[in-house]
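1. Generate a structure from the sequence data that follows.
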Amino acid sequence: FNGPSRPRPYYAKHPPFKTRELPKPTKTWPYMLAAGLFCTSLGYLFMKHVTNQEMLSSSVFRSIVRSVKEDPELREHLGEAIRPQAEWWLNGDPSVTGHINQLAGNIDVSFRIRGSKGVFSCSGTLYFTSIRKEKGVPFTIIRFKVICDDGAVVHVNASPV
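-> As a prediction, this is how the structure comes out:
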């Protein structure tokens, strides 16, 4: 230990990076495209679910279901226990298509209903369309009918919504 230590090369154990090849960069655009499509479809499904829940909780939907349950001609075709048909992919809620826009004065919805008549439950599709020509005037029902799966068309009688 009478003098300084002998200098050694710094990269003795690990060679410098100049001697080895750099890895080729991977293409990231396919992953970004897949992530973008996934996020877009997830957002679409979320908005579809939210608007369906909004229509299910509206007073218009409840009024339509009440009118359908009270209609005697529809009870003859579908049975006593008339209710909206539940969908498994909506966690037991019915699927309502169309739109409810009371401020603009137009309502156009359709959904499946089910009854209790027969061995197998009878079902059909309900169509409801109503417009309001101007503010302060009650809605005019244009279409309020049920097309049963057996082909029968039942026009539901109801007062304006």
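
2. Can you name the residues that contact Gln102?
-> When the contact criterion is CB atoms under 8 Å, 6 or more residues apart in numbering, the partners of Gln102 are Val60. Every residue, glycine included, has its C-beta placed from N, CA and C.

3. State the pLDDT value of the residue nearest to the spatial centre of the chain.
-> When the chain is reduced to its mean C-alpha position, the nearest residue by CA atoms, centre = their mean turns out to be Lys48, at 3.0 Å. As predicted, Lys48 sits at a pLDDT of 94.

4. SS state for it?
-> For Lys48, the secondary-structure state derived from DSSP: H, G, I helix; E, B strand; the rest coil is helix.

5. and it, what is it in contact with?
-> Counting by CB under 8 Å, 6+ apart, Lys48 has no contacts.

6. That one and Ser41: what is the separation?
-> Distance of Lys48 to Ser41, computed by CB to CB, to the nearest Å: 10 Å.

7. Buried residues, the helix-or-strand element of the chain with minimal mean pLDDT. List them.
-> Confidence across the helices and strands of the chain bottoms out at helix 72-78, with a mean of 90, counting by mean pLDDT, DSSP states H and E. By neighbour count, and taking 16 or more other CB atoms under 10 Å as the criterion, the buried residues in helix 72-78 are 74-75, 77-78.

8. which one of those is nearest Ile100?
-> Taking CB to CB as the measure, Leu74 is the one of the buried residues of helix 72-78 closest to Ile100, at 21.5 Å.

9. shaky segments in this protein?
-> Along the chain, the model assigns pLDDT under 70 to residues 1, 8-20, 118-121, 159-161.
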